[in-house]
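**Student:** Can you look at this prediction? I've put the sequence above it.
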Amino acid sequence: MTTTPDPLGPTVGCPLGRRCGACGGSQRLAVASYQTPVGVFCATVCRACVAAGAAPPIRSWGQACERVGAHRQHLGLDLDQMAALLQAEHQEGSG
């Protein structure tokens with residue numbers, strides 16, 4: 001377990017929406033991040049969905065790329081920087 005913040009997790013630049021991206025609820029909302037094969041994206045979710053492990057649906061590769069691209073902008077990263085952080089995280093987890 002690490003005490004350092006997740007470099008790909010939500011940041012102050014990630015917008016908080018009015019509805020949960022997973023269930024559509026509007027209570028106890030927060031911003032969370034989710035990993036896809038193309039990178040990490042942020043989404044507004046309710047705490048119940050976070051606790052249940054329910055992620056907002058991604059309906060296409062194009063949508064996944066758009067959401068990852070938006071989150072990269074929130075983090076101030078380019079694609080290579082995000083890929084390097086994901087690679088480092090993967091190596092740390094398998095070591």
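**Tutor:** Here it is on my side, so go on.
**Student:** Tell me which stretches of this structure form strands.
**Tutor:** 29-36, 39-46 (DSSP state E).
**Student:** is it possible to export those to TSV including mean neighbour count and distance to residue 80?
**Tutor:** Using the backbone N, CA and C atoms, a C-beta is placed for each residue, glycine as well. Shown next, in TSV, are those (neighbours: other CB atoms under 10 Å; distance: least, CB to CB, whole Å):
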stretch	mean neighbour count	distance to residue 80
strand 29-36	17	17
strand 39-46	24	11
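**Student:** With distance to residue 70 and mean pLDDT added, can I get those strands in TSV?
**Tutor:** Formatted as TSV, these follow (distance: least, CB to CB, whole Å; pLDDT from 0 to 100):
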stretch	distance to residue 70	mean pLDDT
strand 29-36	12	95
strand 39-46	7	96
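**Student:** Now distance to residue 17 too, for those, in TSV please.
**Tutor:** What follows is the strands of the chain, written out as TSV (distance: least, CB to CB, whole Å):
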stretch	distance to residue 17
strand 29-36	7
strand 39-46	4
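**Student:** Now do the same contact list for the nearest residue to residue 10 once chain neighbours are set aside.
**Tutor:** Distances taken as CB to CB, 6 or more residues apart in numbering place residue 31 nearest to residue 10, at 4.2 Å, with adjacent residues excluded. Residues near residue 31 by CB atoms under 8 Å, 6 or more residues apart in numbering: 10, 14, 15, 16, 42, 43, 44, 45.
**Student:** Would you mind listing the outside residues contacting stretch 35-50?
**Tutor:** 8, 10, 14-23, 25-34, 54-56, 58, 61, 64-65, 67-68, 70-72, 74, 79, 82-83, 86.
**Student:** Also stretch 83-95?
**Tutor:** 7, 8, 35, 39, 40, 77.
**Student:** Against residue 83, how distant is the spatially most central residue of the chain?
**Tutor:** The structure's the chain has its C-alpha centroid closest to residue 33; by CA atoms, centre = their mean the separation is 2.1 Å. As judged by CB to CB, to the nearest Å, residue 33 and residue 83 stand 16 Å apart.
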